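S.K.: missing the sequence, but the structure's below:
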C-alpha cells in the first residue's frame, strides 16, 4: 500500500472517530464539545483527499474544503477551553463573536486567492517525493491566519493550565489529557510551517489522529463530557452541605463555601497548603474522629449571628481500586431544624409532666405559698438558660410583693416592695399587663425595678406573664436570666399557661378559705358554730391529756 493511501486512510479514520465523539457529545448536551471537533474533522477529511490527488485543480478544491474547518480551528478550540473551564460566563457574547472576524476574513481570502494571491503567492504539485504533494509560497494573510491561531492556542493552553492547578485529582487527569491532546497537533504544525524537519508531509493532520484517539480515550475512560471542572465546581461550591476533601496525609485538598461558614478557620486557608490538624486544633472532638478514621456520625455546633446551628458530620474514606485509602471526605449536614424539633418534642413531654404535677398539686397542697413555690420551680426547670425567678402579687395598696422566689436571698425578698402605678416599668404598656412579654436586654430599659442586690444586678433578660383573676391584674410570673437574648417566643405560651395555673391555684385557695370560714363560723353572729366549737374543745382536751406528766 502506498504511503499516501495509508496516511489518507488514517486521517479518514480519525475524522470518523471525531465525528463519533462529536455525536456522543451532542447527545450528552455538551454541544460546545461537538462544535469544537467539527473543524478538526473537516480539516482531517480534506487533507485525506488532498494527498490522493495528482492535479492542481483538485488539490486547490480540497484545500478550500480544509479551510472550512482550518480557518475556525483556533477560535472554536478556544471556545471549547472557555466552556470546559467555565470562563465563558465571564465574557460578553459580543466579545466572543469578535473571535470569528479574522477566521471569516481568512476563509474569504483563501477562497478568492486566485484573484489576489494574498494567501498563497504560488501553488504547485511537487512530484519529486515519495508521493505527489502540494507546495506553496505563503502570502501575508497566511501568516495572519497562523499567528492568530497560535495566539488563541496559547490563550487556551493558559486557561487549561490554570484549571489544572485548581482542579481536584480526578479532574486533573482529564485536563492533563486535554492539554497533551491540545499541544500535539500544534507542535507538528509548527515543525511543518517553519521547516524544522526535512519532511514533505504536513504532520498536523497526522497528529490529529493521535489527538482524536486521546479525546476518545478521555470520553470512554474518564467520561469528561459528563463531569467537567465547571460542572463539578458549581455543584461543589453551591452545595448546602459543607464538604472538606483530605488526601491520605490529611492535607486539605479542597473545600466548598458552605464549609467556611461551619469551620471559620477555613476562611483563611488555601486548599492544598494546610493539614487538617492545624485547622481543627480548636475542634478536638472532630479532629479525633478524623484521625481515628471513624465513619460514625457526630454532632457539632457553630454560632451564626447569636444563633446556634447544629451540624451532623459524616466521615467517609476514599478508596483506590486496590482498596488502599487515598483520602477522606468530611460532609457537614445542617440538622438544626431536626435538632430543634427533637428539643421541642422533649420540652412538650416535659411540659406535659409539669402540667400533670401542677394539676395534682393544686388539689393536694393547701398552703398557697408552697403551691406557688412549686409552680415557680417547675416553670424554671422547663426553660433553658434560666437562673432566677419570682412570683409577685398585688396587695390592697397596689404594691407588688414577692410571694415566691428562686435564686434570690430570702431576706432581700422580704424587703422588695414596689408601687405598681408609680414605679413599675411594665405598666407603661397595656400589652405588658395582658399578655406574656420578653425583655431580652434589661440594661436598655429605663426605670426598670429589679432587686438591688448582687443577684438582681446580674439579670440581663426577663420573660414575664401577668396573673389575671376575674379579669383583673393580680400579679406577675417572672423568669430571669443572666444572659442576653436567651428567651424566644416559644416560651410565651408556656408562661401564659403557667400564669393561668397560678390564677386557678389562687382562685381555688380563696374558695377553699371561704369554704373553711363558712364551715367554722356563723355568718350572722360571726362566732364559732357549735360543731366547730365542740371540735376545738375536744382537740384541746385531747392534746392536754397527752402532754400531762406523772409526778410519781
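M.R.: Structure's in. What do you need? These numbers come from a predicted model, not from an experiment.
S.K.: element containing residue 311?
M.R.: Applying DSSP states H and E as the criterion places residue 311 in strand 308-319.
S.K.: helix or strand right after that strand?
M.R.: That would be, after strand 308-319 and using DSSP H and E, strand 325-334.
S.K.: which other helices and strands contact that following strand?
M.R.: strand 242-247, helix 257-262, strand 308-319 (3 or more CB pairs under 8 Å, 6 or more residues apart in numbering; DSSP states H and E). C-beta here means a position set from N, CA and C on the backbone, and glycine is covered the same way.
S.K.: tell me what the helix or strand hosting residue 67 is packed against?
M.R.: Using DSSP H and E, residue 67 sits in helix 56-70. Contacts defined by 3+ CB pairs under 8 Å, 6+ apart place helix 56-70 against helix 31-50, helix 101-111, strand 120-126, strand 133-138.
S.K.: what comes up buried for that helix?
M.R.: Neighbour counts over helix 56-70 (16 or more other CB atoms under 10 Å) mark 59, 60, 62, 63, 65, 66, 67, 68, 69, 70 as buried.
S.K.: My guess is the fifth one contacts residue 42. True?
M.R.: Yes. Counting by CB atoms under 8 Å, residue 65 does reach residue 42; the two are 6.9 Å apart.
S.K.: follow-up on the earlier one: switch the helices and strands packed on helix 56-70 over to a markdown table; also include distance to residue 155 and mean neighbour count.
M.R.: Shown next, in a markdown table, are the helices and strands packed on helix 56-70 (distance: least, CB to CB, whole Å; neighbours: other CB atoms under 10 Å):
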| stretch | distance to residue 155 | mean neighbour count |
| --- | --- | --- |
| helix 31-50 | 14 | 22 |
| helix 101-111 | 14 | 18 |
| strand 120-126 | 27 | 14 |
| strand 133-138 | 23 | 15 |
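S.K.: Could you point out which of the ones you listed sits nearest residue 500?
M.R.: Among those, the nearest to residue 500 by CB to CB is helix 31-50 (68.5 Å).
S.K.: For the closest one, name the packing helices and strands.
M.R.: Using 3+ CB pairs under 8 Å, 6+ apart, helix 31-50 sits against helix 3-27, helix 56-70, helix 73-85, helix 203-217.
S.K.: tell me how far the shortest one is from the chain's mean position?
M.R.: Here helix 73-85 is found 32 Å from its chain centre; the criterion is CA atoms, centre = their mean, to the nearest Å.
S.K.: how far off helix 3-27 does the helix holding residue 67 point, in degrees?
M.R.: 30 degrees (axes from the mean of the first three to the mean of the last three CA atoms, to 10 degrees).
S.K.: List the contacts of helix 56-70.
M.R.: With CB atoms under 8 Å, 6 or more residues apart in numbering as the test, helix 56-70 has contacts from 38-43, 45-47, 49-50, 53, 106-107, 110-111, 123-125, 134.
S.K.: With stretch 44-52 instead?
M.R.: Taking CB under 8 Å, 6+ apart as the rule, stretch 44-52 contacts 4-5, 7-9, 11-12, 14-15, 18, 59, 62-63, 65-70, 131, 133-134, 201-202, 205, 208-209, 212.
S.K.: can you give me the mean pLDDT across that stretch?
M.R.: Stretch 44-52 carries an average pLDDT of 87.
S.K.: when you give positions from now on, start the count at 24
M.R.: Sure, I'll start numbering at 24, so the last one becomes stretch 67-75.
S.K.: ok, residue 77 touching residue 148?
M.R.: Yes. At 6.9 Å, residue 77 and residue 148 qualify as touching, with contact defined as CB under 8 Å.
S.K.: Distance check, the spatially most central residue of the chain against residue 499.
M.R.: In the chain, the residue lying closest to the centroid (CA atoms, centre = their mean) is residue 263, at 3.1 Å. Per CB to CB, to the nearest Å, residue 263 is found 44 Å from residue 499.
S.K.: And residue 332, by the same measure?
M.R.: The span separating residue 332 from residue 499 equals 34 Å under the rule CB to CB.
S.K.: Which of these two has more residues huddled nearby?
M.R.: Taking other CB atoms under 10 Å, residue 332 and residue 499 do not tie; residue 499 has more neighbours (25 against 18).
S.K.: I'd assumed the more buried one was in a helix, is it?
M.R.: No. Residue 499 is assigned strand when assessed by DSSP: H, G, I helix; E, B strand; the rest coil, not a helix.
S.K.: Does it touch residue 486 like I think?
M.R.: No. In this structure, residue 499 is not within contact of residue 486 by CB under 8 Å, at 10.6 Å.
S.K.: Leaving out chain neighbours, which residue sits closest to residue 282?
M.R.: Ranked by CB to CB, 6 or more residues apart in numbering and with sequence neighbours excluded, the top spatial neighbour of residue 282 is residue 265, at 3.5 Å.
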